[in-house]
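Asks: Turn this into a model:
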Amino acid sequence: MLTKQMLTTTRPALAMVTMAVFLLPAISAAQTGADTYPTKSVRIISPFPPGGSVDTVGRLVAARLSESYGQTFVVDNRGGASGNIGMELAAGASGDGYTLVINTVPLVTNQFLYSKTPYDLQRDFLPVSLLTSTPAVCIVHPSLPVKSIPELIVLAKTRGAALNYGGAGAGTNPHIAGELFNYLAKTNISVIHFKGGGPAMISILSGEISLGFPAAPDALAHVRSGKLRALGVTGTKRAPQFPGTPTIAETLPGYEFTTWQGLLAPKNTPRAIVTALSERIKKSLSAPEHIKRFNDGGLDIIASTPDEFAAHLKKETEKWGKVIKERGMKAE
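Replies: Numbering: from 1, shown residues only. Here you go, the predicted model:
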């Protein structure tokens, strides 16, 4: 039985314990720096050259985060080896939240294409947010005498490997989209790889390469200007940015390729910072004017949670691993 004196002695102790319990989250946040993050500029590594969809989305998101946080988020292009060079750099970065990396489909396909990669997706990185998604589009130079996907298939079966499409490196989005087309159409269009989506687009615009499968935002202005012709979009539904352009699946049932862009952090980054970043991304991209700007460029905003992005990566790994193995694709 507690005496009055014991109660008098115990109450302050209980109060201190109670206060400590409520302060634990705050202390934890302070220890990880999540409550004050960021206190300096943040680097977002883009493992591809400027001009492609990853670079485009990275810069759009960096601008929104800079506005939201009041600190500068800078895109650092480190292209090469289908993203492996930039990813290796990101994997070795300090996990303090001040180095992040944005990537797309090669994030999951490179492990099947290369005998060895300088990073391991599960071991070296934490998913932050699946940022956006967009279909790709099959485009051709106007000099190519085709105006539809059926006509392209007929021409491809006539010319065979003499017909080329532009890739951005083994396992990159244009490469996967093109090989899925070959797989379902039973064609053998050859891929000519460039160091990124931007250089590949320049080659298609010049007529050096006849066709390609770039992300919709990369092709939109060129199609509207008449410099390129759109034959089909790669998603499951038609894209309003390309009025009158059918889906490839309307000719090749089962064809579906959606490109996406996601943000990751090095493995030792505090979970509190990862969660805070994900929440800030969702908030900073949710304004109607930002949604419209992304949509006008052919991008759909997703701004997922870390767990949702992790589930997406698992699904994509299973899907494209199967296609790559069946096609016998390997990085040169």
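Asks: which residues of this structure fall in strands?
Replies: With strands called from DSSP state E, the chain shows them at 42-46, 73-77, 99-103, 125-135, 137-140, 164-167, 190-193, 211-212, 229-233, 258-266, 300-301.
Asks: Stretch 103-118: which residues count as buried?
Replies: 103-114, 117 (16 or more other Cβ atoms under 10 Å). Placement of C-beta: from N, CA and C, glycine included.
Asks: quick one: which two of those are the most distant?
Replies: 104 and 114 (16.4 Å; Cβ to Cβ).
Asks: ok, how many other residues are close to the residue nearest to residue 295 when sequence neighbours are not counted?
Replies: Nearest non-adjacent residue to residue 295, counting by Cβ to Cβ, 6 or more residues apart in numbering: residue 301, 7.9 Å away. Number of residues near residue 301 (other Cβ atoms under 10 Å) recorded here: 19.
Asks: is it true that residue 301 touches residue 293?
Replies: No. When contacts are counted by Cβ atoms under 8 Å, residue 301 is not listed as touching residue 293 (9.7 Å).
Asks: measure residue 115 to residue 242 for me?
Replies: Residue 115 sits at a distance of 38 Å from residue 242 (criterion: Cβ to Cβ, to the nearest Å).
Asks: Can you give me the first-to-last residue distance of stretch 46-61?
Replies: Distance across stretch 46-61, first residue to last, is 12 Å (Cα to Cα, to the nearest Å).
Asks: quick check: mean pLDDT across it?
Replies: Model confidence over stretch 46-61, given as mean pLDDT, is 91.
Asks: Skipping its backbone neighbours, what lies nearest residue 190 in space?
Replies: Residue 190's closest residue in space is residue 161 (Cβ to Cβ, 6+ apart), at 4.6 Å.
Asks: Now for that neighbour: which residues touch it?
Replies: Going by Cβ atoms under 8 Å, 6 or more residues apart in numbering, residue 161 touches 188-190.
Asks: Which single one of the residues you listed is nearest to residue 156?
Replies: The closest of the contacts of residue 161, once distances to residue 156 are taken by Cβ to Cβ, is residue 189, at 5.2 Å.
Asks: Tell me the pLDDT of the closest one.
Replies: Reported pLDDT for residue 189: 95.
Asks: Need the phi and psi values for it.
Replies: Phi and psi for residue 189, reported as degrees, to the nearest 10, are phi -70, psi 130.
Asks: Counting neighbours, what do you get for it?
Replies: So residue 189, with other Cβ under 10 Å, has 23 neighbours.
Asks: rewinding a little: and the gap between the residue nearest to residue 190 and residue 314?
Replies: Here residue 161 is placed at a distance of 35 Å from residue 314 (Cβ to Cβ).
Asks: cool, residue 220 as well?
Replies: When residue 220 is compared with residue 314 (using Cβ to Cβ), they lie 31 Å apart.
Asks: repeat for residue 87
Replies: Residue 87 is 18 Å from residue 314, by Cβ to Cβ.
Asks: Cheers, nothing more for now.
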